[in-house]
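A.B. asks: build the 3D model from these lines:
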Amino acid sequence: MGNWLGHVGSGFFFLIWASWWVLQLSFNTLRNKYERDGRAGVPSRPLRLCRRIPLEGIIICLCTAFGFIAENMYPYTRWKMFDEEGNFIEANVWQHCTIWVAFWIFGLVKILAACCCVNLKPWIPVFRTFSFFIQSIVFLNHLKDRDVLNTKLHVLLLIAILLCVLFSGMEIWMKKDKFLPFMRMWATFVNGTWLIQVGCALYPIRTGRFQWKPDDQSVKFFTMIFAWHCIGNVISVVMLYLIVAIAMKFTFGHKRGYSQLEIGEDSDNEQRSDTMYLERLQGGNRSQNNWSDNSL
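C.D. replies: Below is the predicted model of the structure:
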């Protein structure tokens, strides 16, 4: 993360993750509603297959492993933690790698809980909160020995991360709350978009902009931009939910059942047939009785 590409790549990781959460939770919430109304059909084969495969855990493990390797390979190879004299080197690199390891562990827990260790499912929010907590500890150290603008950018990032810790931690005890998951997803969106913003502010050569001056005006400007990120990501969560809602309305919007008119006509026809059969049967019995009486 110590460069423009590292900040942007990490930001997109959280954006993809939060988008997946919103789409998944929106689909499950609306599908349960349609099932209660009797309008949900049988899931398609690709959807049933996706439910069986722990895609989220696999994607998290792959992305975090790629991030860990990229931290030590870009822009040059630096796998050493200590030099020849025993001094700790490449502190930022290994701190960032610690974050990737924490989220990799969370992805592994997701995979194991879906495949072979069902007892791990209650621990998923715990490990998710633990991952965000590790990220907050590492970025807390980024506030030292930096100019006023750099410090402010990381303070705002730390606020977004602590919100992720807060909302994810509250879900451990408040599992039935319907709003906490969306608040966690919103905070994760802010975490991702602000990471991208920090990269573009600290490494403006990549974006073709001038170097921001570390003064009060820049601090006030980026504080306002952070507020815009918070507002914009609320809109992002709502828009994703509406997209899923509209798509599912076209898919499950009509009740499945038989027409009442057709059922009524069939019932009347059956009733008429039964009545005619009984009349014939009774007529046959009467003629038989008359023939018996006459023969006597």
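A.B. asks: and the helices in the stretch 101-250 of the chain?
C.D. replies: Using DSSP state H, counting those that start in this stretch, the helices of the stretch 101-250 of the chain run over residues 124-141, 148-173, 180-202, 216-252.
A.B. asks: now do the first one and helix 148-173, the angle between them.
C.D. replies: With axes from the mean of the first three to the mean of the last three Cα atoms, to 10 degrees as the criterion, the two stretches helix 124-141 and helix 148-173 enclose an angle of 160 degrees.
A.B. asks: and the last one, by the same measure?
C.D. replies: Between the axes of helix 216-252 and helix 148-173, defined by the same axes, to 10 degrees, the angle is 40 degrees.
A.B. asks: I'd like the mean pLDDT over helix 216-252, please.
C.D. replies: Helix 216-252 carries an average pLDDT of 92.
A.B. asks: now the angle between helix 180-202 and it, please.
C.D. replies: Using the same axes, to 10 degrees: helix 216-252 against helix 180-202 is 140 degrees.
A.B. asks: counting by contacts, list what helix 216-252 packs against.
C.D. replies: Helices and strands touching helix 216-252, as assessed by 3 or more Cβ pairs under 8 Å, 6 or more residues apart in numbering; DSSP states H and E, comprise helix 4-36, helix 148-173, helix 180-202. All C-beta spots, glycine's among them, are computed from the backbone N, C-alpha and C.
A.B. asks: tell me which of the helices of the stretch 101-250 of the chain is the most buried.
C.D. replies: helix 180-202 (a mean of 23; mean count of other Cβ atoms under 10 Å).
A.B. asks: tell me what it is packed against?
C.D. replies: helix 4-36, helix 148-173, helix 216-252.
A.B. asks: which among those helices is found nearest to residue 188?
C.D. replies: Checking those against residue 188 by Cβ to Cβ gives helix 4-36 as the closest, at 3.9 Å.
A.B. asks: can you tell me the closest non-neighbouring residue to residue 216?
C.D. replies: residue 148 (7.7 Å; Cβ to Cβ, 6 or more residues apart in numbering).
A.B. asks: do the same with residue 115
C.D. replies: residue 54 (6.5 Å).
A.B. asks: distance-wise, check that neighbour relative to residue 60.
C.D. replies: Taking Cβ to Cβ, to the nearest Å as the measure, residue 54 falls 10 Å from residue 60.
A.B. asks: now the common contact residues for these two.
C.D. replies: Counting by Cβ atoms under 8 Å, 6 or more residues apart in numbering, the residues touching both residue 54 and residue 60 are residue 110.
A.B. asks: please say which of those two ends up with more neighbours.
C.D. replies: residue 60 (26 against 18; other Cβ atoms under 10 Å).
A.B. asks: quick one: the helix or strand where that one lies to helix 124-141, angle?
C.D. replies: Element membership of residue 60, judged by DSSP states H and E, is helix 55-73. If you take the same axes, to 10 degrees, helix 55-73 sits at 20 degrees to helix 124-141.
A.B. asks: which residues are in contact with helix 55-73?
C.D. replies: Counting contacts by Cβ under 8 Å, 6+ apart, the residues touching helix 55-73 from outside are 1, 6, 9-10, 13, 16-17, 20, 24, 78-79, 93, 96-97, 100-101, 103-104, 106-111, 113-114.
A.B. asks: mind checking the pLDDT average for it?
C.D. replies: 90.
A.B. asks: list the buried residues in it.
C.D. replies: Using 16 or more other Cβ atoms under 10 Å as the test for burial, helix 55-73 gives 55-57, 59-61, 63-64, 67-68, 70-72.
A.B. asks: check the separation of the first and last residues in stretch 115-133.
C.D. replies: By Cα to Cα, to the nearest Å, the extent of stretch 115-133 from end to end equals 26 Å.
A.B. asks: can you report phi and psi for residue 88?
C.D. replies: phi -70, psi 120 (degrees, to the nearest 10).
A.B. asks: for residue 82, same thing?
C.D. replies: phi -130, psi 150.
A.B. asks: for the chain, which spans come out with low pLDDT?
C.D. replies: 1-2, 36-51, 205-210, 252-296 (pLDDT under 70).
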